[in-house]
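In: Kindly generate the corresponding structure for this input.
(4 chains)
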Protein chains: 4
Amino acid sequence: MTRTEQQDALTAARKLAPVLARRAAEHDESGAFPRADFDDLHAAGLLGLMAPTRLGGTGARFADYTDVAIELATGSGATALIFNMHASVTGALAHVPDDVARTLGAPDSYFVTRDRILAEASAGALYAVAMSERGAGSRLSQLTTRYERRDGGFRIVGSKAFVSGAGHADAYLVAAKSSEPGADGGPVVSYFLVPAGDGVTVEPTWNSLGMRATGSHDLHLDVTVPADALLGGVEGITLLLAQVMPHWLVASYAAVYVGVARSAIDTASTYLEERGLTHLPAVRARIGRADAEVAAARLTVAEAARRVDADPAALDTRRWVWRAKLLAGDTAARVAASMLEAAGTSATRRGHDLERIFRDARCGALQPPPSDVCADWLGVAGLGGDPERDTAVPRW
Amino acid sequence: MTRTEQQDALTAARKLAPVLARRAAEHDESGAFPRADFDDLHAAGLLGLMAPTRLGGTGARFADYTDVAIELATGSGATALIFNMHASVTGALAHVPDDVARTLGAPDSYFVTRDRILAEASAGALYAVAMSERGAGSRLSQLTTRYERRDGGFRIVGSKAFVSGAGHADAYLVAAKSSEPGADGGPVVSYFLVPAGDGVTVEPTWNSLGMRATGSHDLHLDVTVPADALLGGVEGITLLLAQVMPHWLVASYAAVYVGVARSAIDTASTYLEERGLTHLPAVRARIGRADAEVAAARLTVAEAARRVDADPAALDTRRWVWRAKLLAGDTAARVAASMLEAAGTSATRRGHDLERIFRDARCGALQPPPSDVCADWLGVAGLGGDPERDTAVPRW
Amino acid sequence: MTRTEQQDALTAARKLAPVLARRAAEHDESGAFPRADFDDLHAAGLLGLMAPTRLGGTGARFADYTDVAIELATGSGATALIFNMHASVTGALAHVPDDVARTLGAPDSYFVTRDRILAEASAGALYAVAMSERGAGSRLSQLTTRYERRDGGFRIVGSKAFVSGAGHADAYLVAAKSSEPGADGGPVVSYFLVPAGDGVTVEPTWNSLGMRATGSHDLHLDVTVPADALLGGVEGITLLLAQVMPHWLVASYAAVYVGVARSAIDTASTYLEERGLTHLPAVRARIGRADAEVAAARLTVAEAARRVDADPAALDTRRWVWRAKLLAGDTAARVAASMLEAAGTSATRRGHDLERIFRDARCGALQPPPSDVCADWLGVAGLGGDPERDTAVPRW
Amino acid sequence: MTRTEQQDALTAARKLAPVLARRAAEHDESGAFPRADFDDLHAAGLLGLMAPTRLGGTGARFADYTDVAIELATGSGATALIFNMHASVTGALAHVPDDVARTLGAPDSYFVTRDRILAEASAGALYAVAMSERGAGSRLSQLTTRYERRDGGFRIVGSKAFVSGAGHADAYLVAAKSSEPGADGGPVVSYFLVPAGDGVTVEPTWNSLGMRATGSHDLHLDVTVPADALLGGVEGITLLLAQVMPHWLVASYAAVYVGVARSAIDTASTYLEERGLTHLPAVRARIGRADAEVAAARLTVAEAARRVDADPAALDTRRWVWRAKLLAGDTAARVAASMLEAAGTSATRRGHDLERIFRDARCGALQPPPSDVCADWLGVAGLGGDPERDTAVPRW
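Out: Alright, predicted model coming up:
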């Protein structure tokens, strides 16, 4: 792994951003999967970003990912969000050290499967995440999707919601609960990588205020998968992975919304320059304050990412991740709203980049964990408590 | 004129609000003129709200109008905005005292025309406003629409933008500049009430973030109108009317956005009660702060309206109108954004009432004069200056 | 009672405001009771503001009081706060209708006592409120001050905190708990008007960020009072009075802080004009936004006061009172902070009016019920609940 | 220069912070110079922080300074501000590379003088900055302090304002204008290091809302200094130094206010834990949001410092410095105000740490360049302009 390869990936993302931006209005309008964007991401080698170089990938760390995600999101927030899900699957697999996996009980076959998944990503496979369920949100303990051993593999039955890229992924990371309780009588929740195909059907429910092109539809599963679809090769590994992965589920969103916020400023600035309105003091004050706020949010995401790479499970790392999520989500919404005021009525025409960015930007603070929950957790931690123990049940 | 009739109008508006609300999502989706809403407004006698009782109307004052507009806007912001334009035309005509009109040079024929226009409103005619132009905004001095005397009437040629209800009004209030300069060599700007029909064509340009059902398309005019289409019966009356009418062009928006803000809270509250989430402290804090803020904005609109009725041209009245516009626009945007955070991701589905209200609510601060301009004017006035004289050229 | 008398009182308050303002810095510096201010209030007849005209007073309603309090507070927030306590005592006595008092069991002697108290106020007596206790805040159920029947009167022993005007009042409204339980076994809390003198000692504990001249010191009581010191002539009347009086304990603060906020703008404006800085766009924007915000808070206080006069016990009235408290407290703090930024470093010199106003203004949101509690209560009420029943124990 | 030495300095600062905190209330109350604090800073070797190791100092970079300043400011904002001035003088001298100094025309004697100044700092000398003047603010072009050649040295006559540590420094960095114009006819402004003593008198004018212990009094100069008091050994070097030093004059404040903001949270948290109020949701939300905001401001200061060390004159560096100043000042004021609301009325007692911190924290946004100016500059730069050229005259 050389830093050169990761720098190349960042350069590629930076070059792609304006290309994505040109298509973003159309994808937003139709709510269609950004096919051309992902063809470009594939061509640029970015689908293998998280895969190690020995498997044809870039060998990126989490901090490299956030840099890339911010760049992509300045072009298209929706494309960056879908990419984020793919990066979460591949990144989590790539970053669990072999010895940790072994300690968790991973059999030899796990490493073969993992390498195959990552090599296929390098070769262009796209993975999506099918974890949330209506009613349960993303709380694993509330899952209704079940699985049971069947024919040397597993039969999985259930329904998932908010599956970004649904219908366009090659495989889905699915969390499901065993039909049989564990040794301790408690629920056993496992992760599977379920290939697209028969038994995996998309119900097109996604039609949202913003981030429309993510196509985060419902996914219905009634499918039997081979044994090696069980991630880690061990049942019940989910909760443990969930502890290691919070950055992927939280900080990865944050990076996207920093990019969206940045694009709000850039779009407004270009527009104001074209219209000859840069001399207005109120406009300058809005641009100036937005600039500082987005710069700070970006640093916060970078710091969270740096710590995730250094010590992913530490409480302090989790606090940085919550700070990043809180600030990125709130900043994006506030900045995009202010930029719309700076630009004026004409920028609210549907199809205008700033109009779309305003809608996209509103979604960050609402994605789990929402800003109010992040603030509560940070407050508990700041007051010497443990958010996992002391907080009322979160709403997501 | 009895207060009973105006109370009846308010009651009617209150009854219509939930009816409008049920249709609002569909009108927003299609961007179509809310035909059924206006049939209901007509049936409830509300198109004659501003016409005097002797002409079949309700004889409403401006303060009565704002009460009605707030109620209608809790049902549908777009319908209330179209209604606002109709009320502006009829209200301005109804509220200029006869002696003032005579002092301005209005001939006897003016009163006949005015009464006809108002009587037709009572009978169901709908009027729209065609004042803004691309590039000129709503600054009368920059108008490019021209008129000249022709065949005992006037030929009017030009294009207008942001004409709410375009294609569905029976007549349009059009501001145009005479092709000949006035006695002092300066431009002569006059108002006409141009009937729909040949020579008045709609170009469907409106496709906006919010307030989509207003259908505020472009209007192209190449039409000859009879002499009595000249409002006031006198050329050049425009600027004077513009001084009397600021409340219609500014405070009337404010009433609409107070209604929109109120509906954001009501919609979120209902949703949170249905989902059993009213115990969450962060949700309660959001509802509580929004409630206080909207209540204060509503009082500000009411105070501005009271003063408009008492002394429409006073500087102090104008300050109240700017306060109302500033607070209503900012409050609506802020409150709707907060309510979306209180309700969570599910409420961002397109077609969900709160999702539409969030988009509608963002538009108020941008409508002329935008919040930044209102703040500047209030600042100048608060510092002992005269905003009309001391301020840099406004951007709208 | 004629409106003329109340208008005269308002005019007197308006004239006194600049006189109070000239002394405010000195009172703030020393933390001394504003003796000269109260001599002027007495001379202007304002100590009798709430007493009926038949007893030499002005016969003011609550709405009249808030108008007067706002004016006084533009001169000196601390003086207005002390006056507020006096007005609370006299206003509550004056506004409980005779028939209600009789229904509550007030004996004939009550009316004699009440009239004496109010007549003495008209003649210049000053009353203070000694209700809060350290630890218990203002929650009556937690009181530790006790009383027992003794020598045909009552012996009262305990300590009170935050007694504005302590050491300078002629008598103190004291809440105390009977040493014997009530008929139902529950605590009996009663109000007494305890004359200054032996057994009533002041411990000078007050030394606060803002509102320094209120001298809200601790008061130690070990005193025997005659029977007619029992307010209402009936034990256990406290809780009932507390239900009728929330406006005095809450909305009356709100009026003071609206005045303080207004004075922040006026002081900054004068300063900016003197320094020739009114052309700065950022300054104008700050003044403009502050102007609108304070105007709205003032309307909210006026609306709350109007409803308190019309229907003091209604839930809707209480909601308006909470709105007024929330907005006045938050607005004062925010506006004063912004005005300091508009004026710049020089205005932060101790003794500069704006420096004092900034500190005074910060106190409003903290006075009971603090803004966070008001927001919670409004949220509960807005979500269809009953704040008295559904809320977690408030912190004050 | 080893990183160990700088790490030691940071550790020393961290240890001193609670010591400074224990004295801060007393220094604030009296407005007296924190003598004991500076004895401790001297003992810990921190007065030599910026001096190179070869001269007995720590050899700190700017980023090391900001780390130290943040720690000291968590103990006492006022002490950190005085220290900041000392560090600005020594840091600017230490960080101008020898070759740059030579290019600017520095004679050999300059290096001797510079080394003496820095060595004396390592040995305990304290330097202060006397640059601002009443009326001129810190704009060098408006200076009224004059100097002329006299007796082989320079006679300096004039008055300075806002001289933190006045009366307690061993020497003052003074900016003065030559009584003779330069070769190009323009004004020649030079820097002198004027020793305390005869001809340097303090007028105790400082009595401020916050940061009271800085003793930023007026300084009157009527003094003759030897030739080597001319900094750089060359007249007219001032403007050039001013270009290199913006970080010292701007970003160095930012570090102090980040420390103040952090101490607001820590103080409030401790207080809330002691009072058993950490379970209140509104309190937790306030702590949580403040935590995220301060963390982001701290990262911004660190990033600005990193860039100052790498490329002090770059426009991008200046943008980061303005971001740091804007965010640190605004964050400190907002966070301290919120913490006071979290803690409640008891924390507003004068002498309570949080009460002082609230006042100290309000000063950051007002110090030059104030937040509104930073926002404007950032806006101009963000819109492709050059703040030095395109902005209206700043107010400071």
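
In: Which stretches in the stretch 201-350 of chain A count as helices?
Out: For the stretch 201-350 of chain A, the helices defined by DSSP state H, counting those that start in this stretch cover A:238-244, A:246, A:252-274, A:281-310, A:315-343.

In: If I take the longest one and helix A:252-274, what angle do their directions form?
Out: Orientation note: helix A:281-310 sits at an angle of 150 degrees relative to helix A:252-274 (axes from the mean of the first three to the mean of the last three Cα atoms, to 10 degrees).

In: sorry, back to before: please identify which of the helices of the stretch 201-350 of chain A is closest to chain C.
Out: Nearest of those to chain C, taken as Cβ to the nearest Cβ: helix A:281-310 at 3.4 Å. Using the backbone N, CA and C atoms, a C-beta is placed for each residue, glycine as well.

In: Who are the packing partners of the closest one?
Out: Counting contacts by 3 or more Cβ pairs under 8 Å, 6 or more residues apart in numbering or on different chains; DSSP states H and E, helix A:281-310 packs against helix A:62-75, helix A:252-274, helix A:315-343, helix B:371-382, helix C:281-310, helix D:281-310, helix D:315-343, helix D:371-382.

In: Geometric centre of chain A: which residue is closest?
Out: residue A:84 (3.6 Å; Cα atoms, centre = their mean).

In: which non-adjacent residue is nearest it?
Out: Residue nearest to residue A:84 in three dimensions, not counting chain neighbours: residue A:252, with 4.7 Å by Cβ to Cβ, 6 or more residues apart in numbering or on different chains.

In: Okay, that neighbour and residue A:327: tell me how far apart.
Out: Counting by Cβ to Cβ, to the nearest Å, the gap from residue A:252 to residue A:327 is 15 Å.

In: With residue A:69 instead?
Out: In this view, residue A:69 and residue A:327 are 16 Å apart by Cβ to Cβ.

In: Looking at these two, which one has more neighbours?
Out: Ranked by neighbour count (other Cβ atoms under 10 Å in any protein chain shown), residue A:69 and residue A:327 place residue A:327 first, with 31 against 28.

In: Quick one: residues contacting the more buried one.
Out: If a contact means Cβ atoms under 8 Å, 6 or more residues apart in numbering or on different chains, then residue A:327 has A:254, A:296-297, A:300, D:292-293, D:296 as its contacts.

In: For the residues you listed, work out which two are farthest apart.
Out: The widest separation within those, taken as Cβ to Cβ, falls between A:254 and D:293 and amounts to 15.0 Å.

In: For the two, indicate the residue with more neighbours.
Out: When residue A:254 and residue D:293 are compared on other Cβ under 10 Å, the one with more neighbours turns out to be residue A:254, at 33 against 25.

In: does the more buried one really touch residue A:329, like I thought?
Out: Yes: Residue A:254 lies in contact with residue A:329 (Cβ atoms under 8 Å); the separation is 7.3 Å.

In: where do the contact lists of these two overlap?
Out: Joint contacts of residue A:254 and residue A:329 (Cβ under 8 Å, 6+ apart) are residue A:364.

In: which regions of the stretch 1-150 of chain A sit below the pLDDT cut-off?
Out: Low-confidence regions of the stretch 1-150 of chain A, defined here as pLDDT under 70, cover residues A:1-2, A:136-141.

In: And the strands in it, which stretches?
Out: Remark: strands of the stretch 1-150 of chain A, listed N- to C-terminal, are A:127-130, A:146-150; assignment by DSSP state E, counting those that start in this stretch.

In: Would you convert these into JSON lines that also reports mean neighbour count and distance to chain D?
Out: Conversion of the strands of the stretch 1-150 of chain A to JSON lines gives the following (neighbours: other Cβ atoms under 10 Å in any protein chain shown; distance: least, Cβ to the nearest Cβ, whole Å):
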{"stretch": "strand A:127-130", "mean neighbour count": "26", "distance to chain D": "26"}
{"stretch": "strand A:146-150", "mean neighbour count": "16", "distance to chain D": "36"}
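
In: Could you pull up the contacting residues of residue A:153?
Out: Under the contact definition (Cβ under 8 Å, 6+ apart), the residues listed for residue A:153 are A:224-227, A:229.

In: again with residue A:372
Out: Applying Cβ under 8 Å, 6+ apart to residue A:372 gives the contacts B:282-283, B:341, D:285.

In: Mind pulling up the pLDDT for it?
Out: In the prediction, the pLDDT value recorded for residue A:372 is 97.

In: quick one: the nearest residue to residue A:75 once chain neighbours are set aside and chain B, what's the gap?
Out: In this structure, residue A:75 finds its nearest non-sequential neighbour in residue A:20, 3.1 Å apart by Cβ to Cβ, 6+ apart. Per Cβ to the nearest Cβ, to the nearest Å, residue A:20 is found 21 Å from chain B.

In: Residue A:20 and residue A:37 touch, don't they?
Out: Yes: in terms of Cβ under 8 Å, residue A:20 counts as a neighbour of residue A:37; the distance is 5.3 Å.

In: Which neighbours do the two have in common?
Out: Common neighbours of residue A:20 and residue A:37, counting by Cβ under 8 Å, 6+ apart, are A:76, A:79.

In: Most neighbours among the contacts of residue A:372, which one?
Out: In these, the most neighbours by other Cβ under 10 Å go to residue B:283, 24 neighbours.

In: Quick check: it touching residue B:340?
Out: No: in terms of Cβ under 8 Å, residue B:283 does not count as a neighbour of residue B:340; the distance is 12.0 Å.

In: that older thread, for ChimeraX, write the select line for the buried members of the contacts of residue A:153.
Out: Those of the contacts of residue A:153 that count as buried under 16 or more other Cβ atoms under 10 Å in any protein chain shown are selected in ChimeraX with:
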select /A:224,225,229
